[in-house]
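In: Starting from these lines, generate the structure:
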Amino acid sequence: MEIQSIRPNEFLSVDGPASIRVIDGKLYVLGAEYGPGSSFTVMRGRRIIMKSLGDSKIDAVLGPDGKIERIDGTNEVIDIWDHELSKIHLRNSVIVVLGAMDVGKTTVTTMLVNKGVREGLKVGVIDGDPGQNDIGPPTTISASVATGFITHLTQLRNLRSIFVKTTSIEYAWDYVLSSISKLVNELRHNYNADMVVINTDGWVSEPTAVRFKLEMVKRVGADYAIVIRRGDEINDLLKELMSTARNTIVLPSPPNARVRDRDDRKIRREMGYSKYLMPSRELTINLREKPIVNLPLFNGLKYDNYIMRLIRKSLNVSIHYIEQWGGVAVAIGNVKDFQIRSIGGVSVAILPMNWEMGLLVALEDKDNYLLSLGVLRKIYYNTGKAVISIPKSFNNEGLIDHIRLGMIKVNNNYEEVEKTLYISKIESLLFSQNILRK
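Out: Coordinates of the predicted model:
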């Protein structure tokens with residue numbers, strides 16, 4: 001326990017884990033004001049900046065690696081952010097927060113949430129970053145509703161998640177768009193949210209990324225686009241946004257923002273998988289009853305032994321299993337890597353033996369909402385059954401309508417070992433034959 005007195009307009013930096021209780025005075029923290037008797041927590045690995053609005057006194061309890069220190073507020077952006085965000089009419093609004101990685105998007109989103117709560121609003125929140133999701137597990141777009149002040153999005157309870165198969169949006173951006181739009185409608189109509197704030201990923205510089213973000217703003221009917229600018233990395237997107245009639249607010253990025261490298265992000269994702277899936281148990285599912293929605297095994301054309309021998313001879317590959325839908329066939333064979341071959345006008349996608357081991361999958365309900373993440377362990381082609389590792393706590397087996405394959409493989413320690421982009425290629429083949437529908 002540490003009692004500290006703070007002068008008016010003084011800034012403090014707090015690294016979690018920490019618990020702060022206001023004894024006297026008032027603090028401004030991420031869009032919220034805390035007076036005498038109120039308290040808040042800062043989670044491990046997080047840093048917040050707080051400002052005293054008068055002579056104040058606090059009681060700080062710091063955990064391991066927790067730290068609190070006075071800082072020079074000259075270069076802080078809290079006041080600028082607060083001034084610009086105060087221009088927004090929050091009620092009945094949809095707000096999209098945009099920017100590159102590590103520029104403060106989550107902090108701005110948190111401020112908007114707290115400002116809405118201060119106005120007595122029911123605030124819908126969508127985390128649109130499947131790689132660094134704070135509300136749901138990695139590989140998902142997730143939604144929540146805030147009714148109280150928070151210091152980070154991880155404090156919100158996950159209400160709805162949609163599995164988008166990967167943590168890299170460039171491989172599934174159209175599906176991500178439809179997922180975000182669906183969750184906006186869900187929050188507004190089924191959860192009666194008074195406003196919706198969408199926190200986005202940091203993919204902004206490439207032409208496809210610009211197109212993706214512009215389409216998102218358009219598709220969700222955003223009333224405001226908040227752009228956090230650092231250097232010129234978001235200039236193309238900003239130029240396009242400014243040319244529209246939408247309200248675009250540009251904020252400076254914090255000069256001393258924490259920057260996480262690729263390894264840090266990977267470790268955080270792997271911790272997310274482990275936290276969500278452990279402890280685990282194995283579930284056996286009949287794929288004829290609860291099919292794989294993006295690879296419809298066991299409902300296509302099967303070949304007799306004579307045709308199988310002809311195919312093996314033509315492909316010069318030992319084929320263990322093959323199934324055809326229209327002009328597309330999927331085979332399991334003794335190949336090292338995924339490949340697509342052609343026989344008599346039929347595109348044959350050949351998967352290597354044990355291709356499914358360690359693949360992240362989603363158990364989904366009839367509306368395509370996530371019920372549980374899982375790890376595919378084995379498909380038994382003779383019985384049409386699959387064994388999937390799922391959280392031991394999962395008890396909604398009766399709601400499972402189908403399974404969706406992801407594009408990431410993990411090992412037994414839930415460490416990412418491979419991106420299986422061939423799942424997307426198989427989907428494209430099936431879409432081209434109208435076997436799957438978007």
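
In: hey, where'd the strands end up in the stretch 301-438 of the chain?
Out: 319-325, 328-333, 339-343, 346-352, 359-364, 370-380, 385-391, 402-410, 416-419 (DSSP state E, counting those that start in this stretch).

In: Out of those strands, which is closest to residue 260?
Out: strand 416-419 (15.8 Å; CB to CB). (C-beta placed from N, C-alpha, C; glycine too.)

In: ok, back up a step: winner for burial among the strands of the stretch 301-438 of the chain?
Out: Highest mean neighbour count among the strands of the stretch 301-438 of the chain (mean count of other CB atoms under 10 Å): strand 359-364, with a mean of 24.

In: who touches that strand?
Out: Outside strand 359-364, the residues that touch it by CB atoms under 8 Å, 6 or more residues apart in numbering are 139, 163, 165, 273, 293, 370-376, 388, 390, 394, 400-410, 420.

In: sorry, back to before: could I get the strands of the stretch 301-438 of the chain as JSON lines with distance to residue 13?
Out: JSON lines is the format used below for the strands of the stretch 301-438 of the chain (distance: least, CB to CB, whole Å):
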{"stretch": "strand 319-325", "distance to residue 13": "58"}
{"stretch": "strand 328-333", "distance to residue 13": "55"}
{"stretch": "strand 339-343", "distance to residue 13": "54"}
{"stretch": "strand 346-352", "distance to residue 13": "51"}
{"stretch": "strand 359-364", "distance to residue 13": "37"}
{"stretch": "strand 370-380", "distance to residue 13": "35"}
{"stretch": "strand 385-391", "distance to residue 13": "36"}
{"stretch": "strand 402-410", "distance to residue 13": "35"}
{"stretch": "strand 416-419", "distance to residue 13": "32"}
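
In: The ones you listed: which one's closest to residue 212?
Out: Judged by CB to CB, the one of the strands of the stretch 301-438 of the chain that comes nearest to residue 212 is strand 402-410, at 17.3 Å.

In: who are the neighbours of that closest one, in terms of helices and strands?
Out: Packing partners of strand 402-410 (3 or more CB pairs under 8 Å, 6 or more residues apart in numbering; DSSP states H and E): strand 359-364, strand 370-380, strand 416-419, helix 422-432.

In: What strands line up against the shortest one, and which way round?
Out: Taking DSSP bridges as the criterion, strand 416-419 sits next to strand 402-410 (antiparallel) in its sheet.

In: Do me a favour and average the pLDDT over the partner strand.
Out: Averaged over strand 402-410, pLDDT sits at 97.

In: which ones are touching the closest residue to residue 51 other than its chain neighbours?
Out: Leaving aside its sequence neighbours, residue 51 sits nearest to residue 28 (CB to CB, 6 or more residues apart in numbering; 4.6 Å). Contact analysis of residue 28 by CB under 8 Å, 6+ apart lists 50-53, 78, 82.

In: okay, residue 28: pLDDT?
Out: Note on residue 28: pLDDT of 95.

In: how close does it sit to residue 271?
Out: Taking CB to CB, to the nearest Å as the measure, residue 28 falls 31 Å from residue 271.

In: before we move on, what about residue 432?
Out: Using CB to CB, which is the criterion applied here, residue 432 is 38 Å from residue 271.

In: do residue 179 as well
Out: Here the criterion is CB to CB. By it, residue 179 lies 23 Å from residue 271.

In: Check residue 21 too.
Out: Distance, residue 21 to residue 271, by CB to CB: 29 Å.

In: who's more crowded, these two?
Out: residue 21 (17 against 12; other CB atoms under 10 Å).

In: How far off centre is the worst-scoring helix or strand of the chain on mean pLDDT?
Out: Lowest on mean pLDDT, DSSP states H and E among the helices and strands of the chain sits helix 305-315, with a mean of 87. Here helix 305-315 is found 43 Å from its chain centre; the criterion is CA atoms, centre = their mean, to the nearest Å.

In: Buried residues, it. List them.
Out: Of the residues in helix 305-315, 308, 311-312, 315 count as buried by neighbour count, 16 or more other CB atoms under 10 Å.

In: Packing partners of it?
Out: strand 319-325, strand 328-333, strand 339-343, strand 346-352.

In: Partner strands of the second one and their direction?
Out: According to DSSP bridges, the neighbouring strands of strand 328-333, each with its direction, are strand 319-325 (antiparallel), strand 346-352 (parallel).

In: what angle do it and strand 370-380 make?
Out: Comparing the axes of strand 328-333 and strand 370-380 via axes from the mean of the first three to the mean of the last three CA atoms, to 10 degrees yields an angle of 60 degrees.
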